[in-house]
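> Got a sequence here, can you build the structure:
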Amino acid sequence: MEIKNKKQQGANKSTQSLGPFKRFFRNFGIKKEVYSFVENLSTLLSTGMDISSAMGSIREETKKGRMQTILSRMEEAVAGGSPLNKAMEKAQVFSPRVLALIRVGEQSGKLTENLEVVVLQNEKETLFKSKVRSSLMYAVIVFTLTIVVGVGTAWFTLPKVASFFNELDAELPAITRGLIFVGEFLSQYGIFIIPIFALGVLSIFYFLFSFPKTKFIGHAALFRIPLVRNLIKQVEISRFGYLLGTMFDSGMSVVDAVESLEGATTFKNYQKFYVYLKGKIEEGNSLQKSFNEYPRIQKLFPSSVRQMISAAEKSGKLSAILLRIGKSYEQKTEATARNLPIILEPIMLIIIGLGVALIALGIIMPIYNLSSII
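Predicted coordinates:
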């Protein structure tokens, strides 16, 4: 067990030794090709073709570029007697989870079956991500349009409104004075302020949700939004059940399988839990005890899931129950993903309505008092 763990840790370090930016640029533009390679390799090996011939066939069908270079080097390594998992590890474009499944498949003689597991897992990963993105896309589009329309109105309309009301020698409402101030400010400095504002918004979103060292802040903020939090939890539990269940079925050890989960999620709180869970299992603790001793576990996994895992562990049907949990929460994810835009729509309309009402009041109120002003 100790030797296997060291091998797995070596595979993880080879991928994780790259910095976040180097990993990003190394995988940039070829992620789909990497998935396609695994899928094509699984199909060709299932027909009885040997690994070298299968890789040569895939390389010939791949467009010239980085991926073809990677495949050529992998093909040369395999032809020279290197195991497939070692050749893939040197390429540094495959996740530790995929490498672990390939390694276990080669050791157990179930490489074709484990490749099929990798393909199914990739499909599930794509499905999980697409559901979250599609659910939040509506809110992002409406929010972006609101900012664009608001900035456009402030930049082009408010200066004209300001010049009109400045000609009136009378006391103006506070809202109107505020609009005049914004209009005059944008008329003088808008050409500098608007690009800086847009760049600032993009930078904030990048550092909150994309930059590896700071995205945990954005993730923590998402977990404070009830609807979004529920969707993320359902996706993570579904991913946990499906990935762990399929890895157990493929013959992977509990420690290796749990360690692979850390790289399958981008949320820091779940990553911390999987690191803790791996350490507890290495100490000889059961899943039930490890779950129960983790602080605030109820925020990550509901009691019903923990009870199912506990019962499955005692009955020896852990992989089957985990797959059932994955399927159940996948259905819940689909329902939440369908309902989230419907729930967000009135909230976004209220926000837009408040902005429109603010501008309308600032313009209409002085008009109603125009007779007294004149």
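
> okay, and for this protein, where does confidence drop off?
1-29, 128, 132, 135-136, 139, 151, 153-155, 157-159, 161-172, 367-374 (pLDDT under 70).

> Domain-wise, how is this protein divided?
According to automatic domain parsing, the chain comprises the domains 2-109, 137-202+348-373, 226-337.

> Can you tell me which of the ones you listed is nearest to residue 127?
domain 226-337 (8.0 Å; CB to CB). For the C-beta atoms, the positions are set from N, CA and C on the backbone; glycine is no exception.

> now the helices for the stretch 151-300 of the chain?
In the stretch 151-300 of the chain, the helices defined using DSSP state H, counting those that start in this stretch lie at 158-166, 174-209, 215-222, 226-249, 254-262, 268-282, 287-293.

> between those, which one is nearest to residue 138?
Among these, helix 226-249 sits nearest to residue 138 (CB to CB), with 12.3 Å.

> which secondary structure elements does that closest one contact?
helix 96-108, helix 111-152, helix 215-222, helix 254-262, helix 318-368 (3 or more CB pairs under 8 Å, 6 or more residues apart in numbering; DSSP states H and E).

> Now render the ones you listed as TSV, adding distance to residue 186 and mean neighbour count.
Converted to TSV, the helices and strands packed on helix 226-249 look like this (distance: least, CB to CB, whole Å; neighbours: other CB atoms under 10 Å):
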stretch	distance to residue 186	mean neighbour count
helix 96-108	51	22
helix 111-152	9	16
helix 215-222	29	15
helix 254-262	48	23
helix 318-368	13	16
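
> Residue 90: which of these is closest?
Nearest to residue 90, of the helices and strands packed on helix 226-249 and by CB to CB, is helix 96-108 at 10.5 Å.

> where's that closest one relative to the chain centroid, distance-wise?
Mean-position distance between helix 96-108 and its chain equals 24 Å (CA atoms, centre = their mean, to the nearest Å).

> Dump it to CSV, restricted to CA.
Extracted C-alpha coordinates of helix 96-108, given in CSV (Å, rounded to 0.1, in the frame of the first residue of the first chain):
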residue,chain,number,x,y,z
PRO,A,96,-3.7,12.5,-11.6
ARG,A,97,-7.1,10.8,-11.5
VAL,A,98,-6.8,9.7,-15.2
LEU,A,99,-3.2,8.6,-14.7
ALA,A,100,-4.2,6.6,-11.6
LEU,A,101,-7.0,4.8,-13.4
ILE,A,102,-4.7,4.0,-16.4
ARG,A,103,-2.1,2.7,-14.0
VAL,A,104,-4.5,0.5,-12.1
GLY,A,105,-6.0,-0.8,-15.4
GLU,A,106,-2.5,-1.8,-16.7
GLN,A,107,-1.7,-3.5,-13.4
SER,A,108,-5.0,-5.4,-13.3
